[in-house]
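K.L.:
Here you go, sequence then predicted model.
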Amino acid sequence: MPNYVVGHKIPDSDSICSAIALSYLKTTLGEETVPARLGELSPETLFILDKFGFEQPELKMSYAGESLYIVDHSERTQGPDDIDDATILGIIDHHKLGDITTSTPLEIWVRPVGCTNTIIKMMYDFHNVEIPKNIAGAMMCAILSDTVVFKSPTCTTADIKCVEALAEIAGIEDPQALGMEMFKVKSAVEGTPVRDLVLRDFKDFDMNGKLVGIGQLEVIDLAIFDDMKADLEADIAALKAEGNRHSVILLLTDIMKEGSEMLVVSDNADLTEKAYGKATVDGKVWLDGVLSRKKQVVPPLQESLA
Ligand code: MG
Ligand code: MG
Ligand code: MG
């Protein structure tokens, strides 16, 4: 029985490319490991897999009785539902340490860098394993995605150096141009059902007993949402009404203007005032300079909900 590598629910490019890159490394080191996913892929991730010639990893939701590596998160709400019945062999991640725990010793690589694939590159270097050209390309694209082509405050010099090294292996002359091409694919939201957009990059967080769902759409021009903003607002209100969330937030991030408009539906009317010092007007607020959910959105919110 092989081991698995799986990222978070509603997988993004980092979760998928990490699963592919880590399973190749582990298999090369003599431990048969296969990549898996916990959901459907975004247009951006499909673009990357197509560009470098990869099949989609296996869709696998249940891991009872299996052994697996967790990548790109360490939160119970974001992992497989039956994670308690699986053996966790390791966690490779770049988010705040979550609440996944184990009954046996495990391998942990957690670093405050911009992308899980930057850490996996460190693992390849540590084990002195050569990265195949197509895997290097996919890893590079994941780093460009997670760091918003180096603009995100989560981006470190390690991420930039890593992209340079991977671009050389993959034979990509202008990685930043490829990054912008990727964000153009990501910005094509027209014709997509509203609920699909809300959930395209959506994560639930347990914030001191309160369930908070935060979605993010990163685009190159916020104007593309002009005609659909009212529908997006109505849909996050519907999503909140359907479940047991304390708050549902949708970040509309403009990667060129470098800021985010936050659409908010919450049990707390003063949620953003308390967390970010800026009140919503009609359920919306513009937060200048905010690009990163993990670094700029989650921590103040978690603190304000304590
Ligand atoms: Mg991710
Ligand atoms: Mg990531
Ligand atoms: Mg992201």
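P.N.:
Cool, got the structure. Residues are numbered from 1 along each chain as shown. Ligands and ions are numbered 1, 2, ... in the order given.
K.L.:
okay, CA-based contacts and neighbour counts for the rest of this
P.N.:
OK.
K.L.:
I'd like the distance between G259 and ligand 2.
P.N.:
19 Å (CA to the ion, to the nearest Å).
K.L.:
E75 now?
P.N.:
13 Å.
K.L.:
Report pLDDT for that residue.
P.N.:
In this model, E75 is scored at 93, pLDDT.
K.L.:
so what's it up against?
P.N.:
97-100, 205 (CA atoms under 8 Å, 6 or more residues apart in numbering).
K.L.:
which one is it nearest to, not counting chain neighbours?
P.N.:
Leaving aside its sequence neighbours, E75 sits nearest to G98 (CA to CA, 6 or more residues apart in numbering; 4.5 Å).
K.L.:
Tell me how far the one you found lies from ligand 2.
P.N.:
G98 is 14 Å from ligand 2, where distance means CA to the ion.
K.L.:
Check V113 too.
P.N.:
Using CA to the ion, V113 is found at 9 Å from ligand 2.
K.L.:
How about L59?
P.N.:
As judged by CA to the ion, L59 and ligand 2 stand 19 Å apart.
K.L.:
Can you report how many residues lie near the nearest residue to that residue once chain neighbours are set aside?
P.N.:
Using CA to CA, 6+ apart and skipping residues adjacent in sequence, the residue nearest L59 is R37, 5.0 Å away. Neighbourhood size, R37 [other CA atoms under 10 Å]: 25.
K.L.:
now do the one 5 residues further on
P.N.:
Residue crowding around S42 was assessed by other CA under 10 Å; the count is 18.
K.L.:
before we move on, what about the one 3 residues further on?
P.N.:
The criterion is other CA under 10 Å. On that basis, T45 has 26 neighbouring residues.
K.L.:
Quick check: it touching S13?
P.N.:
Yes - contact status for T45 versus S13: in contact at 4.9 Å, counting by CA atoms under 8 Å.
K.L.:
Common neighbours of the two, please.
P.N.:
Common contact partners of T45 and S13 (CA under 8 Å, 6+ apart): none.
K.L.:
filter the contacts of E75 to the buried ones?
P.N.:
Neighbour-count burial (16 or more other CA atoms under 10 Å) applied to the contacts of E75 gives 100, 205.
K.L.:
of the contacts of E75, closest to E107?
P.N.:
Comparing the contacts of E75 against E107 with CA to CA places I100 closest, at 13.3 Å.
K.L.:
Helix, strand, or coil at the closest one?
P.N.:
Here I100 is recorded as coil under DSSP: H, G, I helix; E, B strand; the rest coil.
K.L.:
Contacts only, for it.
P.N.:
Here I100 is in contact with 74-76 (CA under 8 Å, 6+ apart).
K.L.:
Partner strands of the top strand by length along the chain, with direction?
P.N.:
Longest strand of the chain, by residue count under DSSP state E: strand 210-219. Here strand 210-219 is paired, per DSSP bridges, with strand 202-207 (antiparallel), strand 247-254 (parallel).
K.L.:
where does the closest residue to ligand 2 within the stretch 151-300 of the chain land on pLDDT?
P.N.:
Ligand 2 sits closest to K294 of the stretch 151-300 of the chain, with a gap of 9.5 Å, by CA to the ion. Looking at K294, its pLDDT is 95.
K.L.:
distance of it from V219?
P.N.:
Distance, K294 to V219, by CA to CA, to the nearest Å: 18 Å.
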